[in-house]
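Asks: here is my input, please return the structure:
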Amino acid sequence: MRALARVQEWYGPHSSTSAEWPVDALMMAKGETTISVVLPARDEESTVGDIITTIRGDLIERTPLVDEILVVDSNSTDATAERAREAGARVVAQNDVLPHLPPLTGKGEALWKGLAASKGDIVVYIDSDLRSFGAHYVTGLVGPLLVDTGIHFVKATYERPYVAADGSVQRGDGGRVTELVARPLLNMFWPELAGFAQPLGGEYAARREVLERLPFVTEYGVEFGLLVDLLQLVGLDAMAQVDLGHRIHTHQPMAALGRMAGQIMQTAWSRLERQGRVLASEPPAHTLLQFGLDNDVALVDVAVAERPPLASLVLEEDLA
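Replies: Purely as a prediction, here's the structure:
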């Protein structure tokens, strides 16, 4: 009950809508602050160009709020990089950033490399598969950061409908792993974070100085890990969420969602261990046996690697 009261106390003052952050007001608050928008992208040629075109047209050419659009090409096999460049983004190949480090895979790796390659004081992450993107995604996320120095991290919330193969729309059914895995885990072990409506959403913004002090899980546990680590690093009152309306994106097949769920559980376990909240004689298994519709069986690895805080690498290089 105490945790619920804490969430209720936090929710109102730290929740807003994108309409509360008009771009003209943000330009007055921007001052010398620089803003980078980072898009991790793998095989997103059909959507990445439209997202970049919107940001460039509305938030660079029409109103100079954004200083940089960076796409991290995560080993795409299609024309993602070409479409991003044509639309006006700077594109970097994931493995070309900090090339002296052994390459890793996964979304979190692309996010961490994007942090390393970008330059802004505020970093905004936007997924590249969005089919409902508008400039308000960016303005909503940076708004609290520009006007309140006490806010260090802003997470998006939205309605996530499920769009079936036949085009039918099922309201609220888009965040399956959120409802079945992430939300129960947060309520069980980090109930202060229960007020975040979309803990796994890929749209969020933060101050660079904070992001550089966080480790990044390299796979799909990255958003879960960042929330938990931010709670410990800056505290709940330095975190906020903004309602962006609705989010339509590409849906993963069930087997992929199972692997995602396994990676999130591995991430949660690592945080519980790190915080001294669980003790085990041996680590949890990191394999997942999956069964297909035709009685085919696959054994997949759901282990998650982790990149250290970027600031620790910079410090090591300075001391070398």
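
Asks: okay, CA-based contacts and neighbour counts for the rest of this
Replies: OK.

Asks: my read: residue 138 touches residue 123, true?
Replies: No. Between residue 138 and residue 123 there is no contact, the gap being 10.2 Å when judged by C-alpha atoms under 8 Å.

Asks: which positions within the helix or strand containing residue 82 qualify as buried?
Replies: Under the assignment given by DSSP states H and E, the secondary-structure element containing residue 82 is helix 80-87. By neighbour count, with 16 or more other C-alpha atoms under 10 Å as the criterion, the buried positions of helix 80-87 are 80-81, 83-85, 87.

Asks: please apply the same query to stretch 143-155.
Replies: Of the residues in stretch 143-155, those with enough neighbours to count as buried (16+ other C-alpha under 10 Å) are 143-146, 151-155.

Asks: where does residue 297 fall, phi/psi-wise?
Replies: Here is the backbone geometry of residue 297 (degrees, to the nearest 10): phi -120, psi 140.

Asks: mind checking how far it is from residue 45?
Replies: Counting by C-alpha to C-alpha, to the nearest Å, the gap from residue 297 to residue 45 is 32 Å.

Asks: distance from the chain centre to the helix holding residue 82, please.
Replies: Centroid displacement of helix 80-87 relative to its chain, using C-alpha atoms, centre = their mean, to the nearest Å, is 21 Å.

Asks: moving C-terminal of it, what's the next helix or strand?
Replies: Proceeding C-terminally, helix 80-87 gives way to strand 90-93 as the next helix or strand, assigned by DSSP H and E.

Asks: now the strands for the chain?
Replies: Under the criterion DSSP state E, the chain contains strands at 15-17, 35-41, 68-73, 90-93, 122-125, 153-159, 162-163, 169-170, 204-207, 216-217, 239-246, 287-291, 297-301, 306-307.

Asks: would you format those strands as JSON lines with distance to residue 61 included?
Replies: Written out in JSON lines, the entries for the strands of the chain read as follows (distance: least, C-alpha to C-alpha, whole Å):
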{"stretch": "strand 15-17", "distance to residue 61": "24"}
{"stretch": "strand 35-41", "distance to residue 61": "14"}
{"stretch": "strand 68-73", "distance to residue 61": "12"}
{"stretch": "strand 90-93", "distance to residue 61": "16"}
{"stretch": "strand 122-125", "distance to residue 61": "18"}
{"stretch": "strand 153-159", "distance to residue 61": "24"}
{"stretch": "strand 162-163", "distance to residue 61": "33"}
{"stretch": "strand 169-170", "distance to residue 61": "35"}
{"stretch": "strand 204-207", "distance to residue 61": "21"}
{"stretch": "strand 216-217", "distance to residue 61": "33"}
{"stretch": "strand 239-246", "distance to residue 61": "22"}
{"stretch": "strand 287-291", "distance to residue 61": "48"}
{"stretch": "strand 297-301", "distance to residue 61": "45"}
{"stretch": "strand 306-307", "distance to residue 61": "35"}
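
Asks: list the contacts of residue 273.
Replies: Contact partners of residue 273, counting by C-alpha atoms under 8 Å, 6 or more residues apart in numbering, are residue 279.

Asks: what separates it from residue 190, distance-wise?
Replies: Counting by C-alpha to C-alpha - residue 273 and residue 190 are separated by 13 Å.

Asks: same question for residue 84.
Replies: Counting by C-alpha to C-alpha - residue 84 and residue 190 are separated by 38 Å.

Asks: what's the answer for residue 21, then?
Replies: 29 Å.

Asks: comparing those two, which residue is more hemmed in?
Replies: Legend: neighbour count by other C-alpha atoms under 10 Å for residue 21 and residue 190, higher for residue 21 (21 against 17).

Asks: do you know the pLDDT at that one?
Replies: On pLDDT, residue 21 comes in at 98.

Asks: residues contacting the nearest residue to residue 58 once chain neighbours are set aside?
Replies: By the measure of C-alpha to C-alpha, 6 or more residues apart in numbering, the closest residue to residue 58 outside its immediate chain neighbours is residue 135, 6.6 Å from it. Taking C-alpha under 8 Å, 6+ apart as the criterion, residue 135 is in contact with 54-55, 58-59.

Asks: now swap in residue 14 and tell me
Replies: Residue 14 makes contacts with 237, 239-241, as judged by C-alpha under 8 Å, 6+ apart.

Asks: compare those residues and tell me which has the most neighbours.
Replies: Neighbours here mean other C-alpha under 10 Å. Within the contacts of residue 14, the largest count is held by residue 241, at 28 neighbours.

Asks: give me the pLDDT value at that one.
Replies: Residue 241 is assigned a pLDDT of 98 by the prediction.

Asks: so what's it bridging to?
Replies: Partner residues in beta bridges with residue 241: residue 15, residue 155, with DSSP bridges as the criterion.

Asks: from residue 153, how far off is it?
Replies: 8 Å.

Asks: could you give the average pLDDT over the top helix by length along the chain?
Replies: Under DSSP state H, the helix in the chain containing the largest number of residues is helix 254-274. Averaging the model's pLDDT scores along helix 254-274 yields 95.
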